[in-house]
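**Q** here is a sequence together with a model predicted from it:
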Amino acid sequence: MDASYEFDSERRVVIIAIHGELTDQGLLEGYDRLVGDPRFSSHYDELVDLRAATGGEVTAEGVLALVARPAEFAPTSRRAIVIRSDLGFGMARMYEILRGGEAGNVRVFRDLDAAKQWLRIR
């Protein structure tokens, strides 16, 4: 798995693009990398682009472990996850249902432009 992080302080958003095979361990390590970055702000919005990732190794247990971590975003944050595969969409929806609220408003999309529009990113 390869992940890139772009912190846009002007638009108050972090954009994450993940490529390659995503695993449970990759989810948890990505979380640690994000919140450990000195540029991270819990009040930013988030766009996670998983269109180039394959997630056949992500399990319900991995999603639950991620949900069990402390809330990384403020309740006022908007968080969009963009994914194409049916399996990945289902896992992301599980995350959306379990993680929303205290960790921001999470929504899953299949279309990048729709996600950007919801986040108010041009």
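**A** Perfect, I can see it now. Residues are numbered from 1 along each chain as shown.

**Q** can you list contacts of the strand or helix carrying residue 31?
**A** Using DSSP states H and E, residue 31 sits within helix 24-36. The contact list for helix 24-36 (CB atoms under 8 Å, 6 or more residues apart in numbering) reads 1, 3, 5, 14, 16, 18, 40, 57-59, 61-63, 65-66, 69, 72. For glycine as for every other residue, the C-beta is placed from the backbone atoms N, C-alpha and C.

**Q** measure residue 30 to residue 45 for me?
**A** Applying CB to CB, to the nearest Å, the value for residue 30 to residue 45 is 17 Å.

**Q** looking at those two, which one has more neighbours?
**A** residue 45 (23 against 18; other CB atoms under 10 Å).

**Q** in ChimeraX, how would I select just the buried ones from the contacts of helix 24-36?
**A** Buried residues among the contacts of helix 24-36 (16 or more other CB atoms under 10 Å), as a ChimeraX selection:
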select :1,3,14,16,18,58,62,63,66,72
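
**Q** out of the contacts of helix 24-36, list just those in strands.
**A** 3, 5, 14, 16, 18, 57 (DSSP state E).

**Q** and the most centrally placed residue in the chain, how far from residue 27?
**A** Residue closest to the average C-alpha location in the chain (CA atoms, centre = their mean): residue 48, at 4.2 Å. Between residue 48 and residue 27 the computed distance is 11 Å (CB to CB).

**Q** excluding covalently adjacent residues, which one is nearest to residue 66?
**A** In this structure, residue 66 finds its nearest non-sequential neighbour in residue 27, 5.1 Å apart by CB to CB, 6 or more residues apart in numbering.

**Q** what's the burial count for that neighbour?
**A** 23.

**Q** can you give me the helices for this protein?
**A** In the chain, the helices defined using DSSP state H lie at 24-36, 60-68, 86-99, 112-119.

**Q** which neighbouring elements make contact with the second one?
**A** Applying 3 or more CB pairs under 8 Å, 6 or more residues apart in numbering; DSSP states H and E, one finds that helix 60-68 makes contact with helix 24-36, helix 86-99.
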